[in-house]
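Peer 1: my questions concern the predicted model and sequence given below.
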Amino acid sequence: MAAAVETDGPALNIGYSCNCGAVHISVSGEPIIKAICHCSDCQAWWQRDCLEFEAYPEAVLVIDRGQDKVQPFVIRNPHLSRCWCKDCGTRVFSHGTAAKTVIVPAIPGHVFEPTLHLFWQDATDSSKRRFEHDDLPKLTEPPL
């Protein structure tokens, strides 16, 4: 994922694109939450042990380019669509329809400072070893 991070006063502006560049997304403002998710759906969808992410109000996410290339997919939770680029398969964001949020993966070049862990009970052994000694709260459900 290619990214550009700009600071405009107190507001943060993040722009990133899929691997092929067909989809470009901008997010601005302060995130609602910065977390590390260990749920089995994130592990399967993002193809990693956990997802470092920031959640924003859905109104601040803009698809600048490639709206027609963004394909939503629901794994198990009908209130959470995982969105990816139809051309290259890059996973670009998730949309929480019930909470009206967008979940953006930690962007390369953007300083990511999580405040908590979610679904700790689903953490893989490697994630538990990696994070067991950090001071962040380890929740079994999301606070939203």
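Peer 2: Looks like it came in fine. Numbering: from 1, shown residues only.

Peer 1: so, low pLDDT: which residues of this protein?
Peer 2: For the chain, residues meeting the criterion pLDDT under 70 lie at 1-11, 144.

Peer 1: mind listing the helices for it?
Peer 2: For the chain, the helices defined by DSSP state H occupy 40-46, 125-131.

Peer 1: okay, those helices in a markdown table with distance to residue 84 next?
Peer 2: In short, each C-beta sits where N, CA and C put it, glycine included. Formatted as a markdown table, the helices of the chain follow (distance: least, CB to CB, whole Å):
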| stretch | distance to residue 84 |
| --- | --- |
| helix 40-46 | 9 |
| helix 125-131 | 23 |
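
Peer 1: among those, which is nearest residue 101?
Peer 2: Closest to residue 101 of the helices of the chain is helix 40-46 (CB to CB; 14.5 Å).

Peer 1: in the closest one, what's buried?
Peer 2: 41, 42, 43, 45, 46 (16 or more other CB atoms under 10 Å).

Peer 1: tell me which of the helices of the chain lies nearest to residue 77.
Peer 2: helix 40-46 (6.7 Å).

Peer 1: remind me what the closest one packs against, helices and strands.
Peer 2: strand 91-96 (3 or more CB pairs under 8 Å, 6 or more residues apart in numbering; DSSP states H and E).

Peer 1: of all the helices of the chain, which lies closest to residue 98?
Peer 2: helix 40-46 (14.8 Å).

Peer 1: quick revisit: mind checking the helices of the chain for the one nearest to residue 89?
Peer 2: Residue 89 lies closest to helix 40-46 among the helices of the chain, at 11.7 Å (CB to CB).

Peer 1: before we move on, the earlier item: can you lay out the buried residues of helix 40-46 as a markdown table showing distance to residue 109?
Peer 2: Output for the buried residues of helix 40-46, formatted as a markdown table (distance: CB to CB, whole Å):
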| residue | distance to residue 109 |
| --- | --- |
| 41 | 26 |
| 42 | 22 |
| 43 | 24 |
| 45 | 23 |
| 46 | 18 |
